[in-house]
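[1] Predicted model, plus sequence, below.
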Amino acid sequence: MKNILVTGGAGFIGSAFVRHMVAAYPDYNIICYDKLTYAGNIDNLLSVSDEGNYRFERGDIADRAAVRHILEIYCIDTIVNFAAESHVDRSILDPDAFIHTDVVGVYILLDEGRKRGIKRFCQVSTDEVYGDIEAGHSSEDDRFLPNSPYAASKAGGELMARAYHVTYGMDTIITRGSNTYGPFQYPEKLVPFFTTEALDDKPLPVYGDGKQIRDWLHVEDHARGVDLVLHRGVAGEAYNLAGENQRCNIDITHRILELLGKPRSLIRHVPDREGHDRRYAMTAEKARALGWQRQYDFDQGLEATVDWYVSNEWWWRKIKTGEYLDFYKMQYAQRLASLEA
């Protein structure tokens, strides 16, 4: 590996991976390629913007000509694809965008990469492809049972990567991460959403009873896991990157309020979203066998993350305007209003 294209590298997990790789591998050239949609933020990469082994290019992975151009001018030999529409709520409102990026975009990256003889292609996926896990833990060989347009689109991208390995002999690998938290996460996801809303003493719309169970993984542990799989993973294989730390959403909400010194009276239990999975849980033996070890304890990681949002209002306040407010109104305003009726 020498010239690595990180697609979706200005997003939450992608930017953590870019920051990690730029620092860890000074001999690699890290080219960040991002469309800069609502969740892509160039501010996420300020700490590496002056590094000699980092470049940024704006573009869409579903634009074949643009992808071909980037692969050629930078002599790309490795692709790590984080680019995705990634919020379940948004996939319910507009599934078309998810199919365009998460399936068609992956296909174009694979196809152009194959034509250029890319040495390795890493598709970054999610535990949501396994669907609702009533009991036990998902392992890499379990079947897919996606229950949202987002999860289905990520499953489609994975299957395309597998097909290019089996049919064309392309060196593809897949990572499936669990619910990820940490700094620089767009404030539509649970931890930054409730933290920033609570700071302004606004109501926190908790879906249903809030007892949905998620497996929580710090973003830096996630980035290190992708790095390890990229370097040591077996072609054609998938690797779960699991936090192995299951918590109910309502318990996370209570802890955020406690850390901020805010009352639980801010919580509003609103009508649940459509197709809401109750529980995710994965094993991570395969990744551990490669040498992956998580470094973040969840309680300490959550506290540090909440502190980061408290200390970095400059980052999130300018985000929570315009498009963000439009989405908030579509997704939560009616639910909250129904409680007052």
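    Looks like it arrived, so ask away.

[2] can you give me the helices for the stretch 101-250 of the chain?
    Per DSSP state H, counting those that start in this stretch, the stretch 101-250 of the chain carries helices over the ranges 106-115, 149-168, 190-199, 219-232, 249-260.

[3] JSON lines please, covering those helices and showing distance to residue 241.
    Bear in mind the C-beta positions are built from the backbone N, C-alpha and C, glycine included. JSON lines is the format used below for the helices of the stretch 101-250 of the chain (distance: least, CB to CB, whole Å):
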{"stretch": "helix 106-115", "distance to residue 241": "18"}
{"stretch": "helix 149-168", "distance to residue 241": "14"}
{"stretch": "helix 190-199", "distance to residue 241": "18"}
{"stretch": "helix 219-232", "distance to residue 241": "4"}
{"stretch": "helix 249-260", "distance to residue 241": "19"}
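
[4] out of those, which comes closest to residue 274?
    Proximity to residue 274 (CB to CB) singles out helix 149-168 among these, at 10.1 Å.

[5] Run through who's touching that closest one.
    Helix 149-168 is contacted from outside by 81, 84-88, 90-92, 95, 98-99, 101-103, 105-107, 110-111, 114, 121, 123, 125-126, 128-129, 131, 144, 146, 170-172, 174, 235-236, 238, using CB atoms under 8 Å, 6 or more residues apart in numbering.

[6] Turn the buried ones among those into a named PyMOL selection, would you?
    Selecting only the buried entries of the contacts of helix 149-168 in PyMOL, with 16 or more other CB atoms under 10 Å as the criterion:
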select buried, resi 81+84+85+86+87+88+90+91+92+95+98+99+101+102+103+105+106+107+110+111+114+121+123+125+126+128+129+131+144+146+170+171+172+174+236+238
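
[7] Can you tell me which of the contacts of helix 149-168 end up in strands?
    Those of these mapping onto strands are 81, 121, 123, 125, 126, 172, 174, 238, per DSSP state E.

[8] Format the residues you listed as a markdown table; extra columns: distance to residue 159 and pLDDT.
    Putting those into a markdown table (distance: CB to CB, whole Å; pLDDT from 0 to 100) gives the following:
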| residue | distance to residue 159 | pLDDT |
| --- | --- | --- |
| 81 | 14 | 98 |
| 121 | 14 | 98 |
| 123 | 10 | 98 |
| 125 | 10 | 97 |
| 126 | 14 | 96 |
| 172 | 11 | 98 |
| 174 | 10 | 98 |
| 238 | 11 | 98 |
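
[9] of the residues you listed, closest to residue 246?
    residue 126 (15.9 Å).

[10] Local confidence estimate at the closest residue to the closest one other than its chain neighbours?
    Distances taken as CB to CB, 6 or more residues apart in numbering place residue 154 nearest to residue 126, at 5.2 Å, with adjacent residues excluded. You'll see residue 154 listed with a pLDDT of 95.

[11] thinking again about what came up before, between the helices of the stretch 101-250 of the chain, which one is closest to residue 6.
    helix 219-232 (9.7 Å).

[12] Counting by contacts, list what that closest one packs against.
    Other helices and strands packing on helix 219-232, by 3 or more CB pairs under 8 Å, 6 or more residues apart in numbering; DSSP states H and E, are helix 12-24, strand 78-81, strand 120-126, strand 172-177, strand 179-181, strand 238-241, helix 285-290.

[13] Tell me how far stretch 146-159 lies from the chain's centre.
    In terms of CA atoms, centre = their mean, to the nearest Å, the centre of stretch 146-159 is set 13 Å apart from its chain centre.

[14] Against residue 265, how distant is the nearest residue to residue 263 once chain neighbours are set aside?
    Once flanking residues are discounted, residue 263 sits nearest to residue 257: 6.9 Å by CB to CB, 6+ apart. As judged by CB to CB, to the nearest Å, residue 257 and residue 265 stand 9 Å apart.

[15] more neighbours, those two?
    residue 257 (20 against 9; other CB atoms under 10 Å).

[16] low pLDDT regions in this structure?
    For the chain, the stretches with pLDDT under 70 are 340-341.

[17] rerun that using 80 as the cut-off
    86-89, 273-275, 333-334, 337-338, 340-341 (pLDDT under 80).

[18] re earlier: and which of the ones in strands among the contacts of helix 149-168 is nearest residue 317?
    Distance to residue 317 across the ones in strands among the contacts of helix 149-168 (CB to CB) is lowest for residue 126, with 28.4 Å.

[19] what pairs with that closest one across the strands?
    residue 177 (DSSP bridges).

[20] I'd assumed residue 174 was in contact with it.
    No. Judged on CB atoms under 8 Å, residue 126 makes no contact with residue 174 at a distance of 10.4 Å.

[21] burial measure for the nearest residue to residue 19 once chain neighbours are set aside, as a count.
    Excluding the flanking residues, the one nearest residue 19 by CB to CB, 6+ apart is residue 48, at 5.5 Å. Neighbours of residue 48 under the rule other CB under 10 Å: 19.

[22] Next one: residue 48 from residue 231, what distance?
    Note on residue 48: its distance to residue 231, by CB to CB, is 20 Å.

[23] That concludes my questions; thank you for your assistance.
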